[in-house]
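Asks: A structural model of the following input is requested.
(chains A and B)
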Number of protein chains: 2
Amino acid sequence: LCLAPIPASAHLKFGVNGKFKILQVADMHFATGATTRCEDVLPSQTAHCSDLNTTAFMSRVIAAEKPDLIVFTGDNIFGADAIDAKKSLNAAFAPAIASKIPWVAVLGNHDQESTLTRQGLMNHIVKLPNTLSQVNPPEAAHYIDGFGNYNLQVHGAADSSLQNKSVLNLYLLDSGDYSKVDSLNSKYDWIKTSQQFWFDRTSKRLQKEYNAKPNPQVGSAPGLAFFHIPLPEFWSFDSTNTTKGVRQEPISSATTNSGFFTTLVTRGDVKSVFVGHDHVNDFCGELKGLNLCYGGGFGYHAYGKAGWERRARVVVVDLNKKSNGSWGDVKSIRTWKRLDDEHLSVIDTQLLWNSSAKGLVVPRL
Amino acid sequence: LCLAPIPASAHLKFGVNGKFKILQVADMHFATGATTRCEDVLPSQTAHCSDLNTTAFMSRVIAAEKPDLIVFTGDNIFGADAIDAKKSLNAAFAPAIASKIPWVAVLGNHDQESTLTRQGLMNHIVKLPNTLSQVNPPEAAHYIDGFGNYNLQVHGAADSSLQNKSVLNLYLLDSGDYSKVDSLNSKYDWIKTSQQFWFDRTSKRLQKEYNAKPNPQVGSAPGLAFFHIPLPEFWSFDSTNTTKGVRQEPISSATTNSGFFTTLVTRGDVKSVFVGHDHVNDFCGELKGLNLCYGGGFGYHAYGKAGWERRARVVVVDLNKKSNGSWGDVKSIRTWKRLDDEHLSVIDTQLLWNSSAKGLVVPRL
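Replies: Here you go, the predicted structure:
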């Protein structure tokens, strides 16, 4: 008999309510805590505002939403103002750790500007309690660029026929910090060929498992991708053509196109990308069947817009209910945002993807 | 003692004159030979013009240039009018085969429109005399997309200290035919993540060998890349900002960016890309340090422009002469075109890359 425990990372699963809820926290920009002042808040807020407001917001939104997973999409700490990166990371993630909810993080462009390298940051993060973060996937560690590339499988509901199969795949990627290639003249970095290759291989492997016995499924399980720096294709949107949310600043993507949008759409399983980086953009837009979503700025020691509340994104994935009453594969992916106001207002609720719409794809002539 | 012969593919080398000359032949569009009529020629040429004019042009330009390698960049045959793909291929390549000069081919978007699949075409091509073409690199055959991805090493001059080291690397890639991804709404295909990953890995391996003992060299040996469909970045040029040559039609690239330009510039060794596909464009343009060059249409059964001569591109790579008089590493990469007129006129001679200019790169602030 084999009763060895499966690693925690394989154990995400849908609830008995047929739902899996993710809280995305973008750009905490945590520094030292109580002594670190807020940026861009109303004059009435200034005197008593610090990193602790970021902490309080997180505790409140976790309590209100009770997510199954918390995803931090980078700029978790604002390195330049963090005296000790480990202490800042520990403090930044503290409400997530205290909640006992599984959580994961990727890096932004500011995390490494303190006392730890990007590798050092991920090495520290993966040792924190309740995290499913990984430095890099073991099978790709010898070739992949960056630190903090990994995938998570979310199994079907307990006691359903898909309880041992991943019905939702999460891809976490390191979008880097600043370009090292002078001639490309891009300020920000991008997702490299090696990372896209790993994504493509992983997605294909997961599909094979999804299609395999027992309980072989058709097609691919839907996926969601999380990273920090937006793709250049986010430039396709302004506030007139988003599906929900606003664009209030330029898209700070790389100025060169590394092809990840093409790679994602070609592969086809990922239905939505979630990024941070641009704090006062919080839109979702749909391009060629892929949703491109910002989280919206979460942290108080990050630039923002006074009077425009700090916010977090919630993503809820629902399962299909089968005729026998048990849970099946993924039915829909919905999202909304929570504002850090008195009532943690819910705004911009929208459907990102619906399994029943799959038949509507019209083949190109 | 190990006296096993090195495979022919490893044996390209610079001549005792310190030069390596490549003839690029783009878009022959060969069909059945004498019975296949020419397109877009002057009324005075129409009556006696057929695929045999393509053959005659090739024989003449080979005799005039005496290249060290001939590279066919796809649409070698026009499949829809080729009754037997093998016969058409054999006839199309006949002047190259007769010349005894090493030659290689990649596929365009029309080659497979006859009796052979793309894999079948490459399987046939690699068995023809004097070719160094490969179906796919053995180490990547299990993951790479397409057929006809491979690299060639060009060793330093005989009896020089670099005679056993590749000082020039050629990358041949399959840019596919038509997009299979409906949602991306692109007519033409593109170079996939898996191919870019292979390129990146190969380039890094070749640099390690270049930097290794004996005779360790600094940096990377320069490279040249050949494929059929232009990159979207060719759109950066019109006839006002090319370095030489003309743009007389749109760029028929994929309408999605798969990132190969970024991958190439990031890696940095490839100094110029050579494509075909758009027959009446024959320019080179320089973008972020990378030259993007068209070959210009070669074949008579391909659309063209009456009175605008069919043409071929020549690329000459010169070695540095060392103080002791022997040949060293690569000094420069030059190009010109040959027109199929009475005198095989040479036009648009230009320098694409010069090793002494390397020091001029200004690091980004």
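Asks: hey, let's count contacts and neighbours off CA atoms from now on
Replies: Fine.
Asks: got any ranges where the stretch 1-150 of chain A has weak pLDDT?
Replies: For the stretch 1-150 of chain A, the stretches with pLDDT under 70 are A:1-10.
Asks: what does the stretch 1-150 of chain A put close to chain B?
Replies: By Cα under 8 Å from any Cα of the partner chain, no residue of the stretch 1-150 of chain A approaches chain B.
Asks: can you name the residue of the stretch 1-150 of chain A nearest to chain B?
Replies: Relative to chain B, the nearest point of the stretch 1-150 of chain A is residue A:143 (8.7 Å; Cα to the nearest Cα).
Asks: so that residue makes contact with residue A:194?
Replies: Yes - if you go by Cα atoms under 8 Å, residue A:143 and residue A:194 touch, sitting 6.7 Å apart.
Asks: picking that back up, give me the neighbour count for the residue of the stretch 1-150 of chain A closest to chain B.
Replies: Neighbour count for residue A:143, taken as other Cα atoms under 10 Å in any protein chain shown: 13.
Asks: quick check: the most centrally placed residue in chain A vs residue B:193, distance?
Replies: With distances taken as Cα atoms, centre = their mean, residue A:226 lies nearest the centre of chain A, 3.4 Å away. If you measure residue A:226 against residue B:193 using Cα to Cα, to the nearest Å, the figure is 19 Å.
Asks: element containing residue A:105, please.
Replies: For residue A:105, the host element (DSSP states H and E) is strand A:103-106.
Asks: so which elements touch that strand?
Replies: strand A:69-73 (3 or more Cα pairs under 8 Å, 6 or more residues apart in numbering or on different chains; DSSP states H and E).
Asks: how close does residue A:231 get to residue A:312?
Replies: Distance from residue A:231 to residue A:312, by Cα to Cα: 20 Å.
Asks: just grab the bridge partners of the residue nearest to the centre of chain A for me.
Replies: residue A:172, residue A:274 (DSSP bridges).
Asks: mind checking pLDDT for it?
Replies: Predicted confidence (pLDDT) for residue A:226: 99.
Asks: just checking, it touches residue A:273?
Replies: Yes - in this structure residue A:226 lies within contact range of residue A:273 using Cα under 8 Å: 5.9 Å.
Asks: my guess is residue A:54 contacts residue A:300. True?
Replies: Yes - under the criterion of Cα under 8 Å, residue A:54 makes contact with residue A:300 at 5.7 Å.
Asks: looking at those two, which one has more neighbours?
Replies: Legend: neighbour count by other Cα under 10 Å for residue A:54 and residue A:300, higher for residue A:300 (27 against 24).
Asks: can you tell me the SS state at the residue nearest to residue A:347 when sequence neighbours are not counted?
Replies: Excluding its sequence neighbours, the residue lying closest to residue A:347 (Cα to Cα, 6 or more residues apart in numbering or on different chains) is residue A:337, at 5.3 Å. The three-state assignment at residue A:337 reads strand, by DSSP: H, G, I helix; E, B strand; the rest coil.
Asks: neighbours of residue A:337, how many?
Replies: Neighbourhood size, residue A:337 [other Cα under 10 Å]: 23.
Asks: so what's it up against?
Replies: By Cα atoms under 8 Å, 6 or more residues apart in numbering or on different chains, residue A:337 lies in contact with A:311-314, A:345-349.
Asks: change it to 6 Å
Replies: Counting by Cα atoms under 6 Å, 6 or more residues apart in numbering or on different chains, residue A:337 makes contact with A:312-314, A:346-347.
Asks: that one and residue A:297, how far apart?
Replies: 11 Å.
Asks: separation between the residue nearest to the centre of chain A and chain B?
Replies: With distances taken as Cα to the nearest Cα, to the nearest Å, residue A:226 is found 19 Å from chain B.
Asks: that residue against residue A:276, yeah?
Replies: No - the pair formed by residue A:226 and residue A:276 falls short of the contact definition of Cα atoms under 6 Å, at 9.0 Å.
Asks: the strands in the stretch 101-250 of chain A, which residues?
Replies: A:103-106, A:150-155, A:166-172, A:223-226 (DSSP state E, counting those that start in this stretch).
Asks: starting at the chain centroid, how far to the longest one?
Replies: What separates the centre of strand A:166-172 from the centre of its chain is 11 Å, taken as Cα atoms, centre = their mean, to the nearest Å.
Asks: burial count for the nearest residue to residue A:335 once chain neighbours are set aside?
Replies: Leaving aside its sequence neighbours, residue A:335 sits nearest to residue A:315 (Cα to Cα, 6+ apart; 4.4 Å). For residue A:315, the count of nearby residues is 23 (other Cα under 10 Å).
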